[in-house]
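> Here is the input, now give the coordinates:
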Amino acid sequence: MVERDTRASLADDDATLVLLTVEEAARRLRIGRTTCFALIRTGELESIDVGRLRRVPADALPEYVARRRAAKRVA
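Below you'll find the model as predicted:
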């Protein structure tokens, strides 16, 4: 179990990754997997299909955060 957690942490820290799994994206945003899927479903968080897989572009995460921050400033 420790080995799996270590691999997950390494994937989260790997800045060279272009596409992230939904789980990796959720960990980077510090949200749950279900919440991450909900953001994807509503279009708030960009994702793409790669065959039968769902991936989140790494640059979609800071874009999502920036939109949330801008929306908060306006409110």
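
> what about the longest helix in the chain?
The single longest helix within the chain, with elements called by DSSP state H, is helix 60-74.

> distance between stretch 25-42 and the chain's centre?
With CA atoms, centre = their mean, to the nearest Å as the basis, stretch 25-42 stands 6 Å off its chain's centre.

> Just the CA coordinates for it, please, in CSV.
Extracted in CSV, the C-alpha atoms of stretch 25-42 (Å, rounded to 0.1, in the frame of the first residue of the first chain):
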residue,chain,number,x,y,z
ALA,A,25,-6.3,16.1,-11.2
ALA,A,26,-8.5,15.7,-8.1
ARG,A,27,-5.5,15.2,-5.9
ARG,A,28,-3.8,18.3,-7.3
LEU,A,29,-6.9,20.3,-6.7
ARG,A,30,-7.3,18.7,-3.3
ILE,A,31,-10.9,17.7,-4.1
GLY,A,32,-12.6,14.3,-4.2
ARG,A,33,-12.8,12.2,-7.3
THR,A,34,-16.6,12.5,-7.5
THR,A,35,-16.4,16.3,-7.3
CYS,A,36,-13.8,16.3,-10.1
PHE,A,37,-16.1,14.2,-12.3
ALA,A,38,-18.9,16.6,-11.5
LEU,A,39,-16.7,19.6,-12.6
ILE,A,40,-15.9,17.8,-15.8
ARG,A,41,-19.6,16.9,-16.4
THR,A,42,-20.7,20.5,-16.1
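
> now what about it, what contacts it?
For stretch 25-42, contacts defined as CB atoms under 8 Å, 6 or more residues apart in numbering pick out 8, 12, 20, 22-23, 45-47, 54, 56, 60-61, 64-65. (C-beta placed from N, C-alpha, C; glycine too.)

> and it, which residues are buried?
Residues 25-29, 36-37, 39-40 are the ones in stretch 25-42 that count as buried (16 or more other CB atoms under 10 Å).
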